[in-house]
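[1] coords please:
(chains A, B, C and D)
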2 protein chains.
Amino acid sequence: MLKLSKKVEYGLIAIRHIAAAESGRITTAKEIADKYKIPYELLAKVMQKLAKKGFIVSHQGVYGGYTLAKGAGEISISSIINAIEGHLPAITQCIAESPDSCSIYDNCTIKNPLGKIQSNIELVFKTMKLSEIV
Amino acid sequence: MLKLSKKVEYGLIAIRHIAAAESGRITTAKEIADKYKIPYELLAKVMQKLAKKGFIVSHQGVYGGYTLAKGAGEISISSIINAIEGHLPAITQCIAESPDSCSIYDNCTIKNPLGKIQSNIELVFKTMKLSEIV
DNA sequence: TATAAATAAGACTTATTAGGTCGGGTATAC
DNA sequence: GTATACCCGACCTAATAAGTCTTATTTATA
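    Reported below is the predicted structural model:
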């Protein structure tokens, strides 16, 4: 409960690694999978998502790999989670998806306070940038 | 990912309801289950945990039920989660359980920044009291 | 003192999600 | 043309969450 997914953890480790590499140097998914003992296929898919969302640039073919697409100071942890999971970090389903994804939404007496907690948590993830973890 | 469990949601709805009742009035699990359309057995077990941890007082037998055990200002959302889940809200397994519950702990480059995020989130849950949501 | 209405507790089942794997495709340096 | 990388979706499996069932215990009161 409340845990980040492995996909997010792997994505953070990967993008941090790429951001920490000397500028210009291309990093492969395999390299990261080996170094951090992460399942290769799973990591690869996460990195593909990060590339698709414009956080990292993919270089295909032999000697291909990934490089960071923008400054580490412009990338928040929040936006990385959003790219990987498809939505911002959320503590309830009605926040992550929509009110009608919850069967007791109308009777729910805690949605307001939880919404407040949600805002605070969102801020925490939004405030920390990739540059802080390199 | 990052969602609170239904048990926690039900527990919060229940204890809020009890706290909102006129002082001295006893509330039953059935009453709450009916009112909020919550599965009775599941709710009952959650309330038993809250009683065991001293947040609510159980009254057995006919006309039994539950009443609040202490002031709503003394009960944090954090402590309610802890009572129901067995540990504080945590964003990683190595925090919720222990370092050796994670196979890549030693190689992990993100545990420190995530620890920082954890502290901030913990504070959010610790700061909000039951009295604020009644 | 029998009964009804409540909590207590644990085993069990089912549904959902997370984690991981596989196979076939495309791009490109050499 | 071949090796090495990314790309992408389908699939399987394991873990967790959610819900159900059963039996026991407590106690007010008819």
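[2] and the residue of chain A found nearest DNA strand D, what helix or strand is that in?
    Relative to DNA strand D, the nearest point of chain A is A:Ser58 (3.2 Å; CB to the nearest atom of the strand). (Each C-beta comes from the backbone N, C-alpha and C, glycine too.) Using DSSP states H and E, A:Ser58 sits in strand A:56-59.
[3] Run through who's touching the longest helix belonging to chain A.
    Longest helix in chain A, counting residues (DSSP state H): helix A:111-127. For helix A:111-127, contacts defined as CB atoms under 8 Å, 6 or more residues apart in numbering or on different chains pick out A:76-79, A:81, A:88-92, A:94-95, A:105, B:4, B:12, B:77, B:117, B:120-121, B:124-125, B:128, B:132-133.
[4] buried subset of those residues?
    For the contacts of helix A:111-127, a burial check counting by 16 or more other CB atoms under 10 Å in any protein chain shown picks out A:76-79, A:81, A:88-92, A:94-95, B:4, B:12, B:77, B:117, B:121, B:124-125, B:128, B:133.
[5] Now intersect those residues with the helices, please.
    A:77-79, A:81, A:94-95, B:12, B:77, B:117, B:121, B:124-125, B:133.
[6] Alongside DNA strand D, which residues does chain A contribute?
    Chain A comes close to DNA strand D at residues A:1, A:28-30, A:41, A:44-45, A:47-48, A:51-52, A:58-66, as judged by CB under 7 Å from any atom of the strand.
[7] List only buried entries from those.
    With burial judged by 16+ other CB under 10 Å, the buried subset of the residues of chain A next to DNA strand D is A:Met1, A:Ala29, A:Ala44, A:Lys45, A:Met47, A:Ala51, A:Ser58, A:Gly65, A:Tyr66.
[8] okay, how far is it across stretch A:29-49, tip to tip?
    When the termini of stretch A:29-49 are compared using CA to CA, to the nearest Å, they are 13 Å apart.
[9] can you list contacts of that stretch?
    The contact list for stretch A:29-49 (CB under 8 Å, 6+ apart) reads A:6-7, A:10-11, A:13-14, A:17, A:56, A:58, A:65-66, A:83-84, B:103-104, B:107-109.
[10] Quick check: PyMOL command selecting the buried ones in these.
    For the buried members of the contacts of stretch A:29-49, the matching PyMOL selection, counting by 16+ other CB under 10 Å, is:
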select buried, (chain A and resi 6+7+10+11+13+14+17+56+58+65+66+83+84) or (chain B and resi 104+108+109)
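[11] among the contacts of stretch A:29-49, which are in helices?
    A:Lys6, A:Lys7, A:Tyr10, A:Gly11, A:Ile13, A:Ala14, A:His17, A:Ala83, A:Ile84.
[12] and chain B, which of those reach it?
    A:Ile13, A:His17 (CB under 8 Å from any CB of the partner chain).
[13] JSON lines please, covering the ones in helices among the contacts of stretch A:29-49 and showing distance to A:Ala72.
    Shown next, in JSON lines, are the ones in helices among the contacts of stretch A:29-49 (distance: CB to CB, whole Å):
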{"residue": "A:Lys6", "distance to A:Ala72": "23"}
{"residue": "A:Lys7", "distance to A:Ala72": "20"}
{"residue": "A:Tyr10", "distance to A:Ala72": "18"}
{"residue": "A:Gly11", "distance to A:Ala72": "14"}
{"residue": "A:Ile13", "distance to A:Ala72": "14"}
{"residue": "A:Ala14", "distance to A:Ala72": "13"}
{"residue": "A:His17", "distance to A:Ala72": "12"}
{"residue": "A:Ala83", "distance to A:Ala72": "15"}
{"residue": "A:Ile84", "distance to A:Ala72": "17"}
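[14] Many thanks, have a good one.
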